[in-house]
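[1] Whatever this is, show me its structure:
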Amino acid sequence: MGCPDWPKCFGKAIPPTNESQLPPDYKEQFLEKRLKKVDKFTKLLQKLGFHDLAEKVKNDPQLKYAHPYSKTTAYIEWINRLFGVLTGIFSLLAFILAFQFRHTNPARFWWVVSGLFWVIFNGWLGSVVVDTNLVPGIVTAHYAAAYLAFGSFIAALPKSQPFVIKNSQYSLFLTGLILLIVDIFLGTTTREVIDSLKQNENFELSLENVWIPGPVFLIHRLLGIFILVINIYLWNKLKQQQPKSWLAIWQTLIVVLLTLQVLSGTLNTLFDIPAMVNVIHIAASAAIVGIQLWLMRNRE
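    Have a look, this model is predicted:
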């Protein structure tokens, strides 16, 4: 919410560097524009049959909160959008280049089409995230679409380092990946609850009330440790059977990243979700999933 509007930021192509560059009533102006967009969005949801979600969005108490200007958050969000534009450009180029495979390798072509679709969808969903002021559920959907996009592009890649893995080990590898994806979205659900509460001026995050999300947060933490144990076991097996293989090397990196994931998650809990630690926590999970999907792509 560094930028209260979309695709511009505070009505400008480049965010202002100071609040004095904005009109005195800028909060009211952007809030009014957002509420008009929300009205259109909820009507669309109702037409599509999502009546409960439409009511949830329309009646969310945080919807009418007007975010004050912050140079730091404005430029972080603006940079995020620049990367989104670059992603869109490269996705479109990938689609153009993949067109040659539509007859010779249709699966590869359609994976690229899937990737392009989810990038475009996520760009639109990004605007919805802003318009709905981080309404729970929309942020998780935004995150899910990003994973579907890069997962599709990974599936479209050619095999570059093919390897052989036993079926029993592959089952363990696949189980760890599925559980990690589940755990990621348990984490986003937890964060949505916390973020919603933090918009209340009287709310202070502490070791006690960080457990407000309840069982979801507990499962998220325990599942993270269980996933780490699974991958350490798999790493140990691979080091014994094929210590110099690419698979063993990549599995070592996965274990390192998962350890970083658990440690950063613990620090998030203890120290009020520090910004940089949170970035590490999120980035590590995306890197692990990316590596594991790429390894699946290269399995013989």
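[2] buried sites along stretch 28-44?
    Gln29, Phe30, Leu31, Arg34, Lys37, Val38, Phe41, Thr42 (16 or more other C-beta atoms under 10 Å). To be clear about C-beta, it is placed using only N, CA and C from the backbone, and glycine gets the same treatment.
[3] Tabulate those residues (CSV), appending pLDDT.
    Output for the buried residues of stretch 28-44, formatted as CSV (pLDDT from 0 to 100):
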residue, pLDDT
Gln29, 87
Phe30, 86
Leu31, 85
Arg34, 82
Lys37, 83
Val38, 82
Phe41, 82
Thr42, 85
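[4] residues in contact with the nearest residue to Glu77 once chain neighbours are set aside?
    Distances taken as C-beta to C-beta, 6 or more residues apart in numbering put Gly2 closest to Glu77, at 3.3 Å, once the chain neighbours are dropped. Neighbouring residues of Gly2 by C-beta atoms under 8 Å, 6 or more residues apart in numbering: Cys9, Pro15, Ser70, Thr72, Thr73, Ala74, Tyr75, Ile76, Glu77, Trp78.
[5] now, which of the buried residues of stretch 28-44 sits nearest Val112?
    Using C-beta to C-beta, Phe41 comes nearest to Val112 of the buried residues of stretch 28-44, at 29.1 Å.
[6] and the gap between that closest one and Asp195?
    Per C-beta to C-beta, to the nearest Å, Phe41 is found 19 Å from Asp195.
[7] Kindly report the same for Lys56.
    For Lys56 relative to Asp195 (C-beta to C-beta), the value is 16 Å.
[8] Also Val262?
    According to C-beta to C-beta, Val262 and Asp195 sit 22 Å apart.
[9] can you check Leu93 too?
    Taken as C-beta to C-beta, the span from Leu93 to Asp195 is 34 Å.
[10] With Leu263 instead?
    Per C-beta to C-beta, Leu263 is found 22 Å from Asp195.
[11] one step back: which one of Leu93 and Asp195 has more residues nearby?
    Asp195 (15 against 11; other C-beta atoms under 10 Å).
[12] Work out for me the element the more buried one sits within.
    Per DSSP states H and E, Asp195 falls inside helix 167-198.
[13] I'd like to know which elements the helix or strand following that helix is packed against.
    Once the chain leaves helix 167-198, the next helix or strand it forms, by DSSP H and E, is helix 215-241. Helices and strands touching helix 215-241, by 3 or more C-beta pairs under 8 Å, 6 or more residues apart in numbering; DSSP states H and E, are helix 167-198, helix 246-270.
[14] Any of the contacts of Gly2 buried? List them.
    Buried among these by 16+ other C-beta under 10 Å: Cys9, Pro15, Thr73, Ala74, Tyr75, Glu77, Trp78.
[15] Dump these to TSV, plus secondary structure, distance to Pro215 and pLDDT.
    Shown next, in TSV, are the buried ones among the contacts of Gly2 (DSSP: H, G, I helix; E, B strand; the rest coil; distance: C-beta to C-beta, whole Å; pLDDT from 0 to 100):
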residue	secondary structure	distance to Pro215	pLDDT
Cys9	strand	38	89
Pro15	coil	40	92
Thr73	helix	31	90
Ala74	helix	36	92
Tyr75	helix	37	93
Glu77	helix	32	90
Trp78	helix	37	92
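[16] Among those, which one sits closest to Val129?
    Closest to Val129, out of all of the buried ones among the contacts of Gly2 and judged by C-beta to C-beta, is Glu77, at 10.4 Å.
[17] Hmm, Cys3 and that closest one touching each other?
    Yes - taking contacts as C-beta atoms under 8 Å, Glu77 lies within contact range of Cys3: 4.7 Å.
[18] what sits in contact with each of these two?
    Cys9.
[19] for Ser91, what are its contacts?
    Ser91 touches Gly115, Leu116, Val119, Ile120, Ala149, Phe153, counting by C-beta under 8 Å, 6+ apart.
[20] Swap in 10 Å and give it another go.
    Val112, Gly115, Leu116, Phe117, Trp118, Val119, Ile120, Gly123, Ala149, Ser152, Phe153 (C-beta atoms under 10 Å, 6 or more residues apart in numbering).
[21] Then Val85?
    Pro7, Gly123.
[22] For it, give its distance to Leu260.
    For Val85 relative to Leu260 (C-beta to C-beta), the value is 29 Å.
[23] Not counting its neighbours along the chain, what's nearest the residue nearest the centre of the chain?
    Compute the mean C-alpha point of the chain, and by C-alpha atoms, centre = their mean the closest residue is Tyr143, 3.1 Å away. In space, Tyr143 comes closest to Thr188 once its chain neighbours are excluded; the distance is 5.2 Å by C-beta to C-beta, 6+ apart.
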